[in-house]
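**Q** Structure here, sequence nowhere to be found:
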């Protein structure tokens, strides 16, 4: 709490403080106005009627299912990678670290094209899969692969930081008490890193839900099969703008929920001893 | 029986110790910070491996580089009390003490009985359901000791057990620990930089410097002026 004396002492900084306040207000308005504009365009009755539209229902269902599956896959593959990179030194560690980080900076359209070149019908791997009668591109599996590709770094980076933050002495204590490395991991390391792991998983889910570029390149835009919410927003924009707006509002609500969950988790972590 | 003969290259020097204590009891490793004392505890616990040599405790070979024997840390059945106690911060006092017992898949009643048996005499029963973060320094020290003892270890390893306590608590806890060690009757290795701890608890005291043992004997043999500046400083202080 600022005391009167401290306030008097800070008077000299008044012009700087006003400037900072103006910058903050501009930044908040820049993000807030478009969101408000979107929410104001969709009254509750329009929202409810749009929720009966098959395009909206299909996209919502497909998005939630694929993003959930992608998140589970990313947790399954990402957790060991995150832990090993946080704890162990091995040859090629930097290369693996860089490769797992690349999708963060790679434009999603490029990611989609890369996936197509790898797993498309004539792709590097896809041509052999095709011979075996397996076609991945333009299927729901392609949607999941695109989401996993672009969203995995969000989990791996966060989990790696959380694992690195767990004091190794707790793991050592568990080992001397008779716990195997795997038991130690699940009974000590994961519970101590859980807030970071959860926020990484939530971020991954959100990123997967919002995935557009890689999905449209690699999976196409087929209603009920590969048309996720962002694709449906884009598709509906050419015809039924109300469906597009309703889907957009749903995504905004989910984004808010994600941010709130992460804030709660972060505060919980900061409050922990 | 304690038989440690190991060599290990560390960052600043070579750890080279040879300690035999056929009669068991409490071995105290005394010395300044960075002398290599805690490394020996980690070697005994299996958290580190020696470059060459062997460690035998109570007739069991924990590690022997000549026969390429190495029992993993979780199978050595040591009770390690870490310097800052390393109590699991996400668990209650009860869960910390019961951790090793649960790992051994003991029935719930047996775990409950063992935790009560241990916590009762040290006045910790009332704090069993509390998170370890809310405990005082003395209570944390006791919980760490009980967690190590709960599994009935073959060897007790104590790393600076009193360093985090205020002087008054140190005196009380030192006496308590002496009684516990006598009752437990297992070989123990304690690391300390305080001669008072060493004299109060050690059946044998080894003074370490830069990874080597420079002086070794019982309390009477160690407490002689003029043998080593580290020992002499305590005479000057008192």
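**A** Great, that's in hand. Note that the structure is predicted; figures quoted are calculated from it, not measured. Residues are numbered from 1 along each chain as shown, chains lettered A, B, ... in the order given.
**Q** For the closest residue to residue B:130 other than its chain neighbours, give me its contacts.
**A** Distances taken as Cβ to Cβ, 6 or more residues apart in numbering or on different chains put residue B:93 closest to residue B:130, at 5.7 Å, once the chain neighbours are dropped. For every residue, glycine as well, the C-beta is placed using N, CA and C. If you count contacts by Cβ atoms under 8 Å, 6 or more residues apart in numbering or on different chains, residue B:93 has them with B:119, B:124, B:127-132, B:135, B:143.
**Q** Which residue ranges of chain B form strands?
**A** Along chain B, the segments classed as strands by DSSP state E run B:2-9, B:14-21, B:26-30, B:52-57, B:60-64, B:69-70, B:78-81, B:155-159, B:188-192, B:204-209, B:212-217.
**Q** Make a markdown table from those and add mean neighbour count, distance to residue A:204 and mean pLDDT to it.
**A** Formatted as a markdown table, the strands of chain B follow (neighbours: other Cβ atoms under 10 Å in any protein chain shown; distance: least, Cβ to Cβ, whole Å; pLDDT from 0 to 100):
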| stretch | mean neighbour count | distance to residue A:204 | mean pLDDT |
| --- | --- | --- | --- |
| strand B:2-9 | 19 | 42 | 90 |
| strand B:14-21 | 18 | 45 | 88 |
| strand B:26-30 | 26 | 48 | 89 |
| strand B:52-57 | 19 | 45 | 91 |
| strand B:60-64 | 18 | 42 | 90 |
| strand B:69-70 | 14 | 39 | 88 |
| strand B:78-81 | 27 | 37 | 92 |
| strand B:155-159 | 24 | 40 | 91 |
| strand B:188-192 | 25 | 44 | 91 |
| strand B:204-209 | 23 | 50 | 88 |
| strand B:212-217 | 17 | 52 | 84 |
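**Q** can I get these in CSV with distance to chain A?
**A** Below are the strands of chain B laid out as CSV (distance: least, Cβ to the nearest Cβ, whole Å):
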stretch, distance to chain A
strand B:2-9, 17
strand B:14-21, 18
strand B:26-30, 17
strand B:52-57, 13
strand B:60-64, 12
strand B:69-70, 14
strand B:78-81, 4
strand B:155-159, 8
strand B:188-192, 13
strand B:204-209, 21
strand B:212-217, 24
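**Q** ok so, going back, check what pLDDT the residue nearest to residue B:130 gets.
**A** Listed pLDDT for residue B:93 reads 91.
**Q** Also residue B:132?
**A** Here, the pLDDT recorded for residue B:132 equals 87.
**Q** gap between it and chain A?
**A** Counting by Cβ to the nearest Cβ, to the nearest Å, the separation of residue B:132 from chain A is 9 Å.
**Q** Wait, that residue touches residue B:142, no?
**A** No - at 11.2 Å, residue B:132 and residue B:142 do not qualify as touching, with contact defined as Cβ atoms under 8 Å.
**Q** got the residues of chain A near chain B?
**A** Residues of chain A found near chain B (Cβ under 8 Å from any Cβ of the partner chain) are A:167, A:169-170, A:172-180, A:183, A:187-188, A:191-192, A:272-273.
**Q** Any of those buried? List them.
**A** Neighbour-count burial (16 or more other Cβ atoms under 10 Å in any protein chain shown) applied to the residues of chain A next to chain B gives A:170, A:172-179, A:183, A:187-188, A:191-192.
**Q** Please name the bridge partners of the residue nearest the centre of chain B.
**A** Centroid-nearest residue in chain B: residue B:158, 1.6 Å away (criterion: Cα atoms, centre = their mean). Taking DSSP bridges as the rule, residue B:158 bridges to residue B:81, residue B:190.
**Q** wait, what's in contact with it?
**A** Contacts for residue B:158 (Cβ under 8 Å, 6+ apart) come out as B:81, B:145, B:177, B:188-191.
**Q** how about a cut-off of 10 Å?
**A** B:26, B:28-29, B:41, B:79-83, B:144-145, B:148, B:177, B:181, B:188-192, B:197, B:201 (Cβ atoms under 10 Å, 6 or more residues apart in numbering or on different chains).
**Q** now do residue A:184
**A** Contacts for residue A:184 (Cβ under 10 Å, 6+ apart) come out as A:170-175, A:177-178, A:190, B:73-74, B:103.
**Q** Give me the pLDDT for residue A:9.
**A** Residue A:9 is given a pLDDT of 67.
**Q** Pull out the buried residues from stretch A:22-40.
**A** Going by 16+ other Cβ under 10 Å, stretch A:22-40 has no buried residues at all.
**Q** Check what contacts it and list those residues.
**A** Against stretch A:22-40 from outside (Cβ under 10 Å, 6+ apart): A:47, A:245, A:248-249, A:251-253, A:255-256.
**Q** Go again with 6 Å.
**A** Residues from elsewhere that reach stretch A:22-40, judged by Cβ atoms under 6 Å, 6 or more residues apart in numbering or on different chains: residue A:248.
**Q** So what's the gap between that stretch and the chain middle?
**A** Relative to its parent chain, stretch A:22-40 has a centroid offset of 23 Å by Cα atoms, centre = their mean, to the nearest Å.
**Q** what's the answer for stretch A:171-184, then?
**A** For stretch A:171-184, the distance to the chain centre is 32 Å (Cα atoms, centre = their mean).
**Q** And that stretch, end to end?
**A** 6 Å (Cα to Cα, to the nearest Å).
**Q** and that stretch, average pLDDT?
**A** The predicted model assigns stretch A:171-184 a mean pLDDT of 94.
**Q** Count the residues that sit near residue B:68.
**A** For residue B:68, the count of nearby residues is 7 (other Cβ atoms under 10 Å in any protein chain shown).
**Q** how about it, phi and psi?
**A** phi 60, psi 40 (degrees, to the nearest 10).
**Q** quick one, what contacts it?
**A** Residue B:68 makes no contacts at all, as judged by Cβ under 6 Å, 6+ apart.
**Q** follow-up on the earlier one: with neighbour numbers in mind, choose between residue B:132 and residue B:142.
**A** A direct count of neighbours by other Cβ under 10 Å for residue B:132 and residue B:142 places residue B:142 higher, at 25 against 22.
**Q** Correct me if wrong: that one contacts residue B:121.
**A** No - between residue B:142 and residue B:121 there is no contact under Cβ atoms under 6 Å: 10.0 Å.
**Q** helix or strand right after the strand or helix carrying residue A:34?
**A** Assigned by DSSP states H and E, residue A:34 falls within helix A:14-41. Proceeding C-terminally, helix A:14-41 gives way to helix A:44-50 as the next helix or strand, assigned by DSSP H and E.
**Q** what helices or strands is that next one leaning on?
**A** helix A:241-271 (3 or more Cβ pairs under 6 Å, 6 or more residues apart in numbering or on different chains; DSSP states H and E).
**Q** how close does residue A:184 sit to residue B:86?
**A** 12 Å (Cβ to Cβ, to the nearest Å).
**Q** let me redo that: residue B:108
**A** With distances taken as Cβ to Cβ, residue B:108 is found 25 Å from residue B:86.
**Q** need the residues of chain B near chain A, please.
**A** Contacts of chain B with chain A, taken as Cβ under 6 Å from any Cβ of the partner chain, map to B:45, B:47, B:73-74, B:78, B:80, B:82, B:86, B:88-90, B:99-100, B:103, B:133.
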